[in-house]
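Participant: Okay, predicted coordinates and the sequence, questions at the end:
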Amino acid sequence: MNDIGDLRVDKIMPMLFEYWHKITLEECLIEQGISYSKLKQKEMNIKGKFPVVDQGEKLVSGYTDEESNIYRGKLPVIIFGDHTRRVKYIDFPFAVGADGTKLLHPFEALNQKFFYYYLYSLKIESQGYSRHYKFLKQIDVPIPPLNEQRRIVAKLEKLLAKVDACKERLDKIPAILKRFRQSILSAACSGRLTADWRENNPDIESAEELLKRIYQERKKRYEDECTKAGMEGKKKPKKPKEFQLLKDHILDIPKSWAVAYPEDICSPQDYSIGIGPFGSNLKVLDYTSDGVPLIFVRHIRSGNFTGLEPKYITTEKAQELLPHMVEPLDLLITKMGEPPGDCEIYPIDRPNGIITSDCLKFRIWITDLERVFFKHCINSFIIKDQLDLITKGVAQQKISVERFKFILFPVPALAEQQEIVRRVGKLFETADKIEQRYQKAKAYLDQLTQSILAKAFRGELVPQDPNDEPASVLLERIRIDRLTQETKTTKKSSAKKPKQPHQSPPQQELPLSGSKL
């Protein structure tokens with residue numbers, strides 16, 4: 001068995017029924033002799049008359065209105081993505097996408113769908129953006145009797161249709177879970193989730209009293225810091241001004257709750273609310289494999305602050321960027337995106353880091369506030385609706401620090417914040433368990449498709465029929481037909497050649513008169 005680099009061909013192919021004929025891929029392909037253009041991505045439209053098919057994940061990658069771009073060869077055709085390894089069965093008029101899109105036409109001994117399913121069953125490991133057709137050139141293709149191929153295709157389509165129907169139903173679960181989690185957050189941050197808890201706990205400190213106490217504590221700490229820095233004239237924390245866009249924005253919250261601006265509940269330290277340095281500053285940084293980690297939008301969205309291609313800057317550069325420093329337990333928010341405003345807590349077991357310009361940090365007063373509650377608020381529509389309001393009309397949606405400072409946060413009593421976090425956590429655990437089951441079911445269905453295909457090519461999906469014309473007879477007939485066609489073509493070519501005029505042999509020149517012999 002041939003090897004191709006580190007990959008063995010027998011690891012790529014499924015096990016094949018031992019009594020089937022087998023030939024190499026290139027032996028079973030025929031050339032159409034059709035010239036056609038390949039459209040680049042920039043030449044495609046979002047809408048149009050004719051679909052464009054390339055090697056991408058989607059069946060159709062774009063459209064064209066030019067009829068001259070349509071592929072004029074025989075249909076159906078099998079497309080193999082030389083870079084992506086994707087296999088597509090195309091039985092409708094289309095234009096061909098550029099780069100890596102290979103069109104394969106099997107000869108008449110192969111049913112087109114049977115050939116498609118066989119290529120789909122191959123296990124070609126990704127080699128990145130390198131070419132993968134070289135692996136196909138090394139495989140064997142099974143040639144069962146043509147009637148058996150048709151029976152296999154009919155059985156596969158019946159079984160795989162059921163698998164696809166299950167996948168379609170299963171694929172609705174992530175959207176359902178997303179709506180479920182969002183409804184939990186909306187109920188939690190509007191007070192509906194803990195309505196019964198408030199009735200049973202009427203004597204706790206009110207949210208208004210909590211905010212007053214936080215203000216006095218922040219004011220005292222701010223005054224102490226100003227005294228130490230010799231800035232006795234600046235004794236009070238800044239109070240936010242009215243912001244026009246949110247002037248009439250009213251939160252639907254319980255009477256016992258209060259509302260607060262970010263500057264009412266943030267830490268009194270300088271730079272408790274801020275964004276990362278702009279790219280021009282980051283470009284001059286010395287990236288190393290160790291040092292102070294940089295935090296990107298991808299870390300916030302995934303909640304993964306250790307992987308995803310970590311990058312670092314030196315401690316010396318980090319000192320120059322102290323206003324952008326992130327500490328454990330800071331709330332980190334995506335400043336850009338469609339929409340922006342995803343929030344995650346920087347883990348307690350991570351070292352201080354530097355956020356990039358697409359991120360916003362919010363360091364709340366964690367002594368008397370539950371940071372997880374405020375993370376839930378930012379991820380809920382309670383805050384997202386406000387973020388949408390302050391970014392509406394902007395070409396690229398992004399949250400400026402100044403506008404973020406005028407977002408209105410709901411603030412329940414501390415004990416209720418903690419109860420909300422507990423209840424949300426419990427409900428989210430249920431959602432997480434459902435999601436884990438979904439992932440297992442999805443993996444099972446993916447394996448089921450390959451199991452069905454493997455069974456088909458082991459010859460176990462449908463019974464063999466001794467009355468079927470053997471593939472050897474069909475292959476021999478094809479061979480003879482091809483030889484006959486080649487002979488006819490040769491004769492026609494010979495007949496068309498013009499006859500050369502007859503030439504008599506050159507005569508010896510006679511000597512001139514008077515010359516000597």
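Facilitator: All right, it came through fine.
Participant: For stretch 144-155, give the mean pLDDT please.
Facilitator: Stretch 144-155 carries an average pLDDT of 96.
Participant: now stretch 127-134
Facilitator: 87.
Participant: Check stretch 268-277 too.
Facilitator: On average, stretch 268-277 scores 85.
Participant: end-to-end on that stretch?
Facilitator: With CA to CA, to the nearest Å applied, stretch 268-277 spans 21 Å between its terminal residues.
Participant: what sits up against that stretch?
Facilitator: 218, 221-222, 225, 237, 262-263, 266, 295, 321-325, 335, 354-363, 365, 401, 404-405 (CB atoms under 8 Å, 6 or more residues apart in numbering). Every C-beta, even on glycine, is put in place using the N, C-alpha and C of the backbone.
Participant: Which of those are buried, as a PyMOL select command?
Facilitator: Buried residues within those, by 16 or more other CB atoms under 10 Å, are selected in PyMOL with:
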select buried, resi 218+221+222+262+263+266+295+321+324+325+335+354+355+356+357+358+359+360+361+362+363+365+404+405
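Participant: Which of the contacts of stretch 268-277 fall in strands?
Facilitator: Among the contacts of stretch 268-277, DSSP state E puts Ile295, Met325, Ile354, Ile355, Cys359, Leu360, Lys361, Phe362 in strands.
Participant: List just the nearest of these to Leu75.
Facilitator: Distance to Leu75 across the ones in strands among the contacts of stretch 268-277 (CB to CB) is lowest for Cys359, with 50.1 Å.
Participant: and the closest one, bridged to which residues?
Facilitator: On the basis of DSSP bridges, Cys359 is bridged to Thr334.
Participant: Against Arg298, how distant is it?
Facilitator: Per CB to CB, to the nearest Å, Cys359 is found 10 Å from Arg298.
Participant: now Val153
Facilitator: Between Val153 and Arg298 the distance is 43 Å, computed by CB to CB.
Participant: of the two, who's got more company?
Facilitator: Val153 (19 against 13; other CB atoms under 10 Å).
Participant: tell me the contacts of the more buried one?
Facilitator: Asn111, Lys113, Phe114, Tyr117.
Participant: Which ones among the residues you listed lie within helices?
Facilitator: Among the contacts of Val153, the members falling in helices (DSSP state H) are Lys113, Phe114, Tyr117.
Participant: Wait, the second one touches Glu148, no?
Facilitator: No. Between Phe114 and Glu148 there is no contact, the gap being 9.1 Å when judged by CB atoms under 8 Å.
Participant: Now pLDDT, neighbour count and distance to Thr315 too, for the contacts of Val153, in CSV please.
Facilitator: Formatted as CSV, the contacts of Val153 follow (pLDDT from 0 to 100; neighbours: other CB atoms under 10 Å; distance: CB to CB, whole Å):
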residue, pLDDT, neighbour count, distance to Thr315
Asn111, 96, 19, 66
Lys113, 97, 19, 62
Phe114, 97, 23, 63
Tyr117, 97, 22, 58
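Participant: all helices for the stretch 151-300 of the chain, in order.
Facilitator: 173-190, 195-200, 207-228, 262-265, 279-282, 297-302 (DSSP state H, counting those that start in this stretch).
Participant: and those helices, which one's lowest on average pLDDT?
Facilitator: Among those, helix 279-282 has the lowest mean pLDDT, at a mean of 58.
Participant: For the residue nearest to Leu177 when sequence neighbours are not counted, list the residues it contacts.
Facilitator: Spatially, and ignoring its direct neighbours in sequence, Leu177 is nearest to Ala431 (5.4 Å; CB to CB, 6 or more residues apart in numbering). Counting by CB under 8 Å, 6+ apart, Ala431 touches Leu177, Phe180, Arg181, Ile184.
Participant: Okay, and Ala431 sits in which element?
Facilitator: Ala431 belongs to helix 414-457 when assigned by DSSP states H and E.
Participant: tilt between that helix and helix 173-190?
Facilitator: 180 degrees (axes from the mean of the first three to the mean of the last three CA atoms, to 10 degrees).
Participant: between helix 414-457 and helix 207-228, how many degrees?
Facilitator: Using the same axes, to 10 degrees, helix 414-457 lies at 100 degrees relative to helix 207-228.
Participant: So, low pLDDT: which residues of the chain?
Facilitator: 1-7, 229-249, 278-289, 308, 392-396, 492-517 (pLDDT under 70).
Participant: Spatially central residue in it, please.
Facilitator: Residue closest to the mean C-alpha point of the chain, counted by CA atoms, centre = their mean, is Glu57 at 9.9 Å.
Participant: Surely that one is within a helix?
Facilitator: No. Counting by DSSP: H, G, I helix; E, B strand; the rest coil, Glu57 is not part of a helix but coil.
Participant: From Val60, how far out is the nearest residue to it once chain neighbours are set aside?
Facilitator: Spatial nearest neighbour of Glu57, excluding adjacent residues (CB to CB, 6+ apart): Arg86 at 6.8 Å. Using CB to CB, one gets 13 Å for the distance from Arg86 to Val60.
Participant: for Tyr346, same thing?
Facilitator: With distances taken as CB to CB, Tyr346 is found 42 Å from Val60.
Participant: Of the two, which one has the most company?
Facilitator: Per other CB under 10 Å, whichever of Tyr346 and Val60 has more neighbours is Tyr346, with 21 against 17.
Participant: which ones are touching the more buried one?
Facilitator: Ile295, Phe305, Val326, Glu327, Pro328, Leu329, Asp330, Leu331, Leu332, Gly353.
Participant: And those residues, which is closest to Trp257?
Facilitator: Using CB to CB, the contacts of Tyr346 come closest to Trp257 at Leu331, 19.6 Å.
Participant: For that closest one, which non-adjacent residue is closest in space?
Facilitator: If the residues on either side of it in the chain are set aside, Leu331 comes closest to Phe362, at 4.2 Å by CB to CB, 6+ apart.
Participant: ok, now Tyr133?
Facilitator: Nearest residue to Tyr133 in three dimensions, chain neighbours excluded: Asp82, at 4.9 Å (CB to CB, 6+ apart).
Participant: swap in Thr367?
Facilitator: Using CB to CB, 6+ apart, the nearest residue to Thr367 is Glu217, at 7.3 Å.
Participant: same thing with Glu26?
Facilitator: Nearest to Glu26 is Lys137, by CB to CB, 6+ apart, at 6.0 Å.
Participant: so how far is Pro310 from that neighbour?
Facilitator: Taking CB to CB, one finds Lys137 at 39 Å from Pro310.
Participant: So these two - more neighbours on which side?
Facilitator: Pro310 (16 against 11).
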